[in-house]
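Asker: Make a model of this:
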Amino acid sequence: MSEKNREGKRDARDKMRESRAAEEAKARRNKKLAVGGVVAVVIAAAVVVGVVVQNQRSKPETPTAAPAGASGDKNLVVPVGGADAPSTLTVYEDPRCPACGSFERSFSPTVDQLEDAGKVRVDYHLVSFIDRSLGGNGSKYGANALACAQDAGHFRDYHDVLYRNQPDETADSFGDKQTLIDLAGQVPGLDTPAFRSCVNDNTFGGWVSAVQQDFDKSSYKSTPTVLLNGEAIYPKKGDEQISPENLVKWVDAANQGKTLGTPGSHGQSPAPSTTAGESNNPPSP
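Answerer: This next block holds a predicted model:
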């Protein structure tokens with residue numbers, strides 16, 4: 001092979017290497033540009049999400065429709081008994097909770113007497129976490145039905161009926177709205193078209209969810225949670241086991257030297273809201 005031919009082949013190989021190197025450099029540049037573009041998109045998306053979240057946080061919470069007479073900072077409490085009672089019993093309970101049912105069946109007569117004597121006001125927080133644990137809707141629908149009874153001015157009686165007829169928590173019978181309506185028949189004056197609509201439409205479902213969210217943020221993790229003037233008394237107060245007799249003793253001790261409140265009208269809730277009243281009393285022809 002002549003020297004000229006060898007030099008020609010060498011030049012061709014050099015050109016091929018240079019071309020390949022140029023292509024590889026171009027590919028590396030394109031890859032960097034692509035990665036940079038993805039990073040820019042991710043950063044932009046993160047900025048947008050951050051702005052949206054911040055805007056959502058800065059907006060005031062949408063008020064949730066509450067039953068008549070609900071109290072507390074966010075209207076998430078159902079109060080029963082005289083507002084001027086010297087002691088407050090705070091109860092967190094789930095309509096589907098078997099321990100809550102046991103507590104209510106054992107203590108509701110005593111609690112009712114304390115309310116009627118003006119010794120104590122009871123603040124009920126109607127939570128609904130068992131649905132989340134076991135599935136179903138009995139906790140939520142039961143709590144909504146109780147809110148409907150509160151709106152109609154019959155909370156205490158319906159509350160007592162519900163717990164006296166509480167099904168096994170795994171049965172989820174309160175997930176059947178008709179069951180909740182049928183039980184209202186045991187409370188004079190409650191089974192009305194307005195109450196039925198309230199139960200069937202889950203009118204206070206948003207309020208029930210808000211009560212549960214409030215419970216989730218609290219330090220309490222189980223039901224029933226029972227407090228007397230902020231002190232836990234269930235299942236014990238100090239070394240003493242809770243019992244109807246001890247509950248009366250503890251309330252009387254807390255009220256020592258204090259003026260009793262105004263006895264309620266059978267411990268019932270406030271009068272129905274305007275909406276409920278209009279629903280229960282259609283215009284005369």
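Asker: Domain ranges for this structure, per the record?
Answerer: Per the record, the chain has its domains at 1-57, 78-280, by automatic domain parsing.
Asker: With respect to Ala65, which of these lies nearest?
Answerer: Taking CB to CB as the criterion, domain 78-280 is the member of the domains of the chain that comes nearest to Ala65, at 6.2 Å. Yep, even glycine has a C-beta here, placed from its N, CA and C like the rest.
Asker: so how far is that closest one off the chain centroid?
Answerer: Relative to its chain's centre, domain 78-280 lies at 14 Å (CA atoms, centre = their mean, to the nearest Å).
Asker: For Ser243, give its distance to Lys237.
Answerer: 10 Å (CB to CB, to the nearest Å).
Asker: check contacts around Gly206.
Answerer: Gly206 makes contacts with Thr64, Ala65, as judged by CB atoms under 8 Å, 6 or more residues apart in numbering.
Asker: pLDDT on the helix or strand containing it, on average?
Answerer: According to DSSP states H and E, Gly206 maps onto helix 205-217. Helix 205-217 shows a mean pLDDT of 98.
Asker: Just the buried residues of that helix, please?
Answerer: Buried residues in helix 205-217, defined by neighbour count with 16 or more other CB atoms under 10 Å: Gly205, Trp207, Val208, Ala210, Val211, Gln212, Asp214, Phe215.
Asker: Partner strands of the following helix or strand past that helix, with direction?
Answerer: Note on helix 205-217: by DSSP H and E, the next helix or strand toward the C-terminus is strand 225-228. Under the criterion DSSP bridges, strand 225-228 sits next to strand 87-93 (antiparallel), strand 231-232 (antiparallel) in its sheet.
Asker: right, so of these, which gets closest to Asp182?
Answerer: Nearest of these (CB to CB): strand 87-93, 21.5 Å.
Asker: Show me what the closest one is in contact with.
Answerer: With contacts defined as CB under 8 Å, 6+ apart, strand 87-93 is touched by 100, 103-104, 111, 114, 119-127, 215, 220, 223-230, 251, 254-255.
Asker: quick one on the thing from earlier: just name the most buried of the strands paired with strand 225-228.
Answerer: By mean neighbour count, with neighbours taken as mean count of other CB atoms under 10 Å, strand 87-93 ranks first of these at a mean of 22.
Asker: Tell me the buried residues in the helix or strand hosting Ala194?
Answerer: For Ala194, the element it lies in under DSSP H and E is helix 193-200. Buried residues in helix 193-200, counted by 16+ other CB under 10 Å: Ala194, Phe195, Arg196, Cys198, Val199.
Asker: Identify the residues contacting the nearest residue to the fourth one once chain neighbours are set aside.
Answerer: The reference is to Cys198. In space, Cys198 comes closest to Cys148 once its chain neighbours are excluded; the distance is 3.7 Å by CB to CB, 6 or more residues apart in numbering. Contact analysis of Cys148 by CB under 8 Å, 6+ apart lists Pro67, Phe195, Cys198, Val199, Thr203, Phe204.
Asker: quick one: which of these is nearest Asp73?
Answerer: Of those, the one sitting nearest to Asp73 (CB to CB) turns out to be Pro67, at 16.1 Å.
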